[in-house]
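Undergrad: Below are the sequence and a predicted model for it; my questions follow.
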Amino acid sequence: MRITLSHDCDCVHLIMALFEGLRLASTTARFKTETEVDTSENEVVAPNFTNRNPRNLEQMALARKERGWKTTWPKREFWHRLRLERTQHYVEAFVERSNGDVVVSASTREWAIKRHLYSPKGVAACKNLGRVMAQRCLEAGINFVNFKAIIPWEHHCDSIQEFEKAMEEGGVVLREPRRIYR
């Protein structure tokens, strides 16, 4: 394509033909200011405050523990209890509330855990399950749990001791604070 220009008028028509479908945007910065908002209301503190966190009293160690279960075994005087159950093929750990609701759980049945283990039931499995369980407890906001072996002589087992050690190294305290009576 050969373009020849005879005079200035042809140049303007040529430029307009080249940019026919192009729109140019304005590059100037202009801000529209709206009317000012009165922010003095934000500084006023409400005289009555309602805390809607259901675990607030537990975290301050003021919540009641169910103490009327002295004759039952295992004891139910806790806010959160950590349980470790070992079967022939798997190891499961879960944190439950005193009413029996499971809050956090982990198991070597889960593929995400099982694929990293040589065996889903040995000492190494319990140790790694303790690491995973500690991370999940902290993510759920549970820093203190009550951990006692269901069967007393089971506590001397290597796998339970490794599980307990991994939970403590993960940042979870394996005893609950004493309740503050008011």
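TA: Received, thanks.
Undergrad: Helices of the protein, start to end?
TA: Secondary structure of the chain (DSSP state H): helices located at 8-18, 56-59, 111-114, 123-139, 158-169.
Undergrad: nearest to Ile180, of those helices?
TA: Each of the helices of the chain has some distance to Ile180 by Cβ to Cβ; the shortest is helix 56-59, at 9.9 Å. Heads up, the C-betas are built off the backbone N, CA and C, glycines and all.
Undergrad: ok, and what's touching the closest one?
TA: The set of residues that contact helix 56-59 without belonging to it, under Cβ atoms under 8 Å, 6 or more residues apart in numbering, is Asn53, Ala63, Trp79.
Undergrad: didn't the second one look like it was pressed against Trp79?
TA: Yes. With the criterion set as Cβ atoms under 8 Å, Ala63 and Trp79 qualify as a contacting pair; they are 6.6 Å apart.
Undergrad: Which of the two has more residues huddled nearby?
TA: Trp79 (22 against 14; other Cβ atoms under 10 Å).
Undergrad: Give me the phi and psi angles of that one.
TA: The phi/psi pair for Trp79 (degrees, to the nearest 10) reads phi -90, psi -50.
Undergrad: Quick one: closest of the helices of the chain to Gly100.
TA: When these are compared for distance to Gly100 using Cβ to Cβ, the nearest one is helix 56-59, at 16.5 Å.
Undergrad: Would you mark the buried spots in the closest one?
TA: Burial within helix 56-59, assessed by neighbour count using 16 or more other Cβ atoms under 10 Å, is assigned to Glu58.
Undergrad: How about stretch 163-171?
TA: Of the residues in stretch 163-171, those buried under the neighbour-count criterion (16+ other Cβ under 10 Å) are Phe163, Glu164, Ala166, Met167, Gly170.
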